[in-house]
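K.L.:
Got a predicted structure here, sequence first:
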Amino acid sequence: MGGGEHVAQIEQRTIQQIPLDQRHGRPRDLFTLWFGANLTMLTVATGALCTSVFHLSLAASLIAILFGNLFGAVFMALHAAQGPHLGVPQMIQTRGQFGARGALAVIAFVATMDVGFFASNLVLSAQSLHRALPATTPDMAVAAVALIGTLATIFGHDLIHGFTRVMSWLCGVAIAGCFGWVLWYHPLPAPAAPPLAWGALLGAISTSVLWQVAYAPYVSDYSRYLPRETGTRSAFWASYWGCALGSIAPMALGALLGSRFPHLDISESLVAATGWFADFAIPALTLSIAAASAISLYCAVLSTIAIVQTFVPAWQPRSRARASLSIALALVAVVMALFAGPHFMESYANFLLLLLYVMVPWTAINLVDYYLIRHGYYDVPSFFRSDGGIYGHFNLPALICYAIGILVQLPFVSNGLYSGPMVGLLGGADLSWIAGLVVVGPLYYATMRGKAATTAR
């Protein structure tokens, strides 16, 4: 991974624990993975939500983007630090909190979320490439990005790391060039700043927080090959700054473009703002979408394998299983992308908020269990036993806490489908994630702290 010696090889393992003698790579590989994976058109479009959907001024948008990403990245990085220690995918480790079968609902949510992200990437890549290269039809762009992402998933872990490492440089130049063009070479008058609406500001912060939290269910998938001596701090900081900086820069660009061209979609505004430079920037940021799509698809495949393996514990899936499922799930995402509605930005914002309700309680339970209750000590062989080993089929207290975590968010939910009774008092902001974190973490700790931690592996 670090030196590139494994990039051209097809990964043979899927959900099995990575043996110590097969560990490789360096913490900085996590930085380039998350930095490169976030330098995409979808991240730019997410930043544009601040001005185009939440109708914030540019200054308020930048505050929301900075605070939301710097805060949210704490959670994703804490999960990433678990990978080198345990050597298993994140969703397999979740069996240690919920039990072998109790974890199925969470794993299914994660698989669905990742296929949805893949489809969102395909929709935006189709729009972007068609704007920059009119000869490229949207269907052609969807097919091309889906093919590249699927091939990267088939090759697996090390190729995805190498792909994002290249994207870190290529798309870093593209983002920097876009900023330079807009701010220096092609100055544009900014429209009058709208009055600050606190509900909208909090909503934009929530969107940035979720952008980071959405990575939490699979960050360990990409750190599990690191040597165990990598340590928690090294894995944490490499993941934290890679994901935070890689998100802040393109989101800030999106907010800038949204403030200048509020009535254009993100690809149209990029073309209008950067002229001929868009002919380089948009293809580069679209190619990076393929890398981000591979990251999501890889997790969806591992999650699907984990679901099947729960009922067939003797199954030892390898590269062929990953290849078959990669193709099948990619086809599902392609169908979703081809039939996406015309109001993509609004639908995408609601999709992001919906993810909060199922992922925030999980992340609270997982982190409290790992860092405060078990202190990183898990019986990994039990994760793969038919009876769940020492964790059993179901951990009822964890499942109850998870259900409560979803329920306590409902009064604070605000999206296109439902608004809770507390939303009006908060200026329309969706702060459900705060309620989920504040309630579930302490509740789970109080419920489980009496249980003896498992012995070291």
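P.N.:
Thanks, I have the structure now. Residues are numbered from 1 along each chain as shown.

K.L.:
Downstream of the lowest-mean-pLDDT helix or strand in the chain, the next helix or strand is which one?
P.N.:
Ranking every helix and strand in the chain by mean pLDDT, DSSP states H and E puts helix 344-367 at the bottom, with a mean of 76. For helix 344-367, the following helix or strand on the C-terminal side (DSSP states H and E) is helix 396-407.

K.L.:
Could you list every helix and strand in contact with that following helix?
P.N.:
Helices and strands touching helix 396-407, by 3 or more Cβ pairs under 8 Å, 6 or more residues apart in numbering; DSSP states H and E, are helix 95-98, helix 344-367, helix 432-448. Placement of C-beta: from N, CA and C, glycine included.

K.L.:
Quick check: mean pLDDT of that helix?
P.N.:
Averaged across helix 396-407, pLDDT comes to 94.

K.L.:
winner for burial among the helices and strands packed on helix 396-407?
P.N.:
helix 95-98 (a mean of 29; mean count of other Cβ atoms under 10 Å).

K.L.:
Following the chain onward from it, which element is next?
P.N.:
Next along the chain after helix 95-98, taking DSSP H and E as the criterion, comes helix 104-132.

K.L.:
what angle separates that following helix from helix 396-407?
P.N.:
Interaxial angle of helix 104-132 relative to helix 396-407 (axes from the mean of the first three to the mean of the last three Cα atoms, to 10 degrees): 40 degrees.

K.L.:
Return the list of helices and strands in contact with helix 104-132.
P.N.:
The contact analysis (3+ Cβ pairs under 8 Å, 6+ apart) places helix 104-132 against helix 41-52, helix 90-93, helix 138-155, helix 266-274, helix 278-311, helix 319-338, helix 344-367.

K.L.:
Need those in a markdown table (columns: distance to Gln16).
P.N.:
Putting those into a markdown table (distance: least, Cβ to Cβ, whole Å) gives the following:
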| stretch | distance to Gln16 |
| --- | --- |
| helix 41-52 | 31 |
| helix 90-93 | 9 |
| helix 138-155 | 17 |
| helix 266-274 | 40 |
| helix 278-311 | 10 |
| helix 319-338 | 12 |
| helix 344-367 | 20 |
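
K.L.:
Among the ones you listed, which one carries the weakest average confidence?
P.N.:
Of all the helices and strands packed on helix 104-132, helix 344-367 has the smallest average pLDDT, which comes to a mean of 76.

K.L.:
roughly how far apart are Phe155 and Asp221?
P.N.:
According to Cβ to Cβ, to the nearest Å, Phe155 stands 15 Å off from Asp221.

K.L.:
Going by neighbour count, list what's buried in whichever strand or helix holds Pro250.
P.N.:
Element membership of Pro250, judged by DSSP H and E, is helix 232-260. Of all the residues in helix 232-260, those buried under the rule 16 or more other Cβ atoms under 10 Å are 232, 234-260.
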